[in-house]
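Student: sequence first, predicted coordinates after that:
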Amino acid sequence: MKAFLIDRYAKGAALRFGEAPEPELLDNDVLIQIHATSVNPLDGKIRDGEFKLILPYRLPLILGNDAAGVVVRVGSRVRRFKPGDEVYARPAKDRIGTFAEFIAMNEADVAAKPKSLTMEEAASMPLVALTAWQALVERAKLKKGQKVLIHAGSGGVGAIAIQLAKHIGATVATTTSTANVDLVRSLGADVVVDYKKDDFENVLQGYDVVLNSLGKDTLEKSLRVLKPGGKLISISGPPDPEFARENGSGWLLRQVMGALSFGIRRKSKRHGVSYSFLFMKPSGEQLGQIAALIETGAIRPVIDRVFPFEKTNEALAYVETGRAKGKVVIAVK
């Protein structure tokens with residue numbers, strides 16, 4: 001099968017377009033013919049080697065973390081899917097590889113594709129929607145009437161998180177640039193801080209939750225907008241000891257992650273708030289719940305551009321400009 005791979009970690013390097021063996025099908029797996037995939041900042045970070053400590057991949061590696069397509073074969077123990085089913089999914093972190101014509105993954109990580117979405121639209125959703133769900137519903141336990149600040153509201157995660165928080169009934173603030181103010185308002189943001197004009201930490205206060213996807217400066221400034229007992233959840237790091245435990249990291253790596261997050265955890269404690277790092281996990285069950293919200297119109301995909309499969313490197317480069325609104329999708333089939 002055709003695929004885009006990396007042979008070694010290299011910052012900013014192009015992916016190699018070549019042939020790869022069709023993935024092996026385990027007893028609990030479904031083999032999916034990929035119709036569309038999408039690009040996430042995570043793909044570039046993996047290629048650059050930023051995650052090699054916590055995600056020790058064997059190279060060469062096929063990149064890609066989102067899939068929408070059709071089941072073509074199923075393992076002997078699969079009960080939920082059959083050949084011909086249209087599905088969408090985010091593969092487990094040790095089985096990524098959606099920049100390819102086929103992928104095998106555990107049926108537990110897969111869900112039926114929302115009927116109202118095209119393959120390209122469905123492919124834009126899994127990683128970002130699961131991230132928003134696990135941050136706001138699972139980790140933050142966000143409730144109606146609470147206040148949440150979602151940074152980078154026009155980005156992939158932000159665009160879905162705003163809609164999910166509004167569906168829950170929270171008051172939603174977001175940060176974005178002047179060009180994207182109308183977009184984030186259309187997604188449901190109640191308070192929009194244009195970072196080119198205002199500093200969010202001087203405008204917002206008394207928030208219950210902050211979802212951070214930006215750098216260290218934004219992370220630390222976010223402490224000032226939270227009320228005592230508030231929750232600061234970051235998907236861009238630094239990783240904390242709890243994540244190291246969940247990840248099954250060894251003693252040394254747990255110490256390293258503890259040291260990396262020591263500063264922000266100490267500052268959070270001083271502010272009377274909690275800090276946690278979230279690395280999204282695959283879940284077919286949660287994707288099923290997300291699909292139900294998509295079908296009712298509570299959440300809609302936000303797509304900037306669709307690239308053909310052979311232009312995967314251009315799609316990755318476009319995402320890395322940081323200017324994409326919502327998601328960048330690759331049409332594979």
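Tutor: Great, that's in hand. Numbering: from 1, shown residues only.

Student: longest single strand anywhere in this protein?
Tutor: If you go by DSSP state E, the chain has its longest strand at strand 29-39.

Student: phi first, then psi, for K216.
Tutor: Dihedral pair for K216: phi -60, psi -40, per degrees, to the nearest 10.

Student: which ones are touching it?
Tutor: Applying CB atoms under 8 Å, 6 or more residues apart in numbering to K216 gives the contacts I264. (Each C-beta comes from the backbone N, C-alpha and C, glycine too.)

Student: next one: M105
Tutor: Contact criterion CB under 8 Å, 6+ apart gives 29-30, 32, 67, 89, 91-92, 95, 282 as the residues in contact with M105.

Student: that one and K93, how far apart?
Tutor: 11 Å (CB to CB, to the nearest Å).

Student: which residues are common contacts for the two?
Tutor: P282.

Student: partners of the closest residue to F200 other than its chain neighbours in the sheet?
Tutor: Leaving out its chain neighbours, the residue that sits closest to F200 by CB to CB, 6 or more residues apart in numbering is V193, at 4.4 Å. According to DSSP bridges, the partner residues bridging V193 are T175.

Student: V193 contacts L204, correct?
Tutor: Yes. Distance between V193 and L204: 6.9 Å, which falls inside the contact criterion (CB atoms under 8 Å).

Student: settle it for me: which of those two has more neighbours?
Tutor: Neighbours were counted for V193 and for L204 using other CB atoms under 10 Å; V193 has more, 24 against 20.

Student: quick one, what contacts that one?
Tutor: Residues touching V193, when contacts are defined by CB under 8 Å, 6+ apart, comprise 173-176, 200, 203-204.

Student: backbone phi and psi for the residue of the chain most remote from its centre, please?
Tutor: Among the C-alpha atoms of the chain, the one most distant from their mean position (CA atoms, centre = their mean) is that of S76, at 30.6 Å. Geometry field for S76 lists phi and psi as phi -60, psi -20, criterion degrees, to the nearest 10.

Student: redo the contacts of V193 as TSV? Include pLDDT and distance to P21.
Tutor: Conversion of the contacts of V193 to TSV gives the following (pLDDT from 0 to 100; distance: CB to CB, whole Å):
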residue	pLDDT	distance to P21
A173	98	48
T174	98	43
T175	98	44
T176	97	43
F200	98	48
V203	96	53
L204	98	51
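
Student: of the contacts of M105, buried ones?
Tutor: With burial judged by 16 or more other CB atoms under 10 Å, the buried subset of the contacts of M105 is 29-30, 32, 67, 89, 91, 282.

Student: redo these as JSON lines? Include pLDDT and distance to D182.
Tutor: As requested, the buried ones among the contacts of M105 are arranged in JSON lines below (pLDDT from 0 to 100; distance: CB to CB, whole Å):
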{"residue": "D29", "pLDDT": "98", "distance to D182": "43"}
{"residue": "V30", "pLDDT": "98", "distance to D182": "40"}
{"residue": "I32", "pLDDT": "98", "distance to D182": "36"}
{"residue": "A67", "pLDDT": "98", "distance to D182": "31"}
{"residue": "A89", "pLDDT": "98", "distance to D182": "32"}
{"residue": "P91", "pLDDT": "98", "distance to D182": "35"}
{"residue": "P282", "pLDDT": "98", "distance to D182": "33"}
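
Student: which of those residues sits closest to I299?
Tutor: Distance to I299, by CB to CB, is smallest for A89 among the buried ones among the contacts of M105, at 17.0 Å.

Student: filter the contacts of V193 down to the buried ones, PyMOL style.
Tutor: The buried subset of these, as determined by 16+ other CB under 10 Å, is captured in PyMOL by this line:
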select buried, resi 173+174+175+176+200+204
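
Student: I'd like the contacts of V193 as a markdown table, with distance to S268 appended.
Tutor: Conversion of these to a markdown table gives the following (distance: CB to CB, whole Å):
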| residue | distance to S268 |
| --- | --- |
| A173 | 19 |
| T174 | 21 |
| T175 | 20 |
| T176 | 25 |
| F200 | 17 |
| V203 | 21 |
| L204 | 17 |
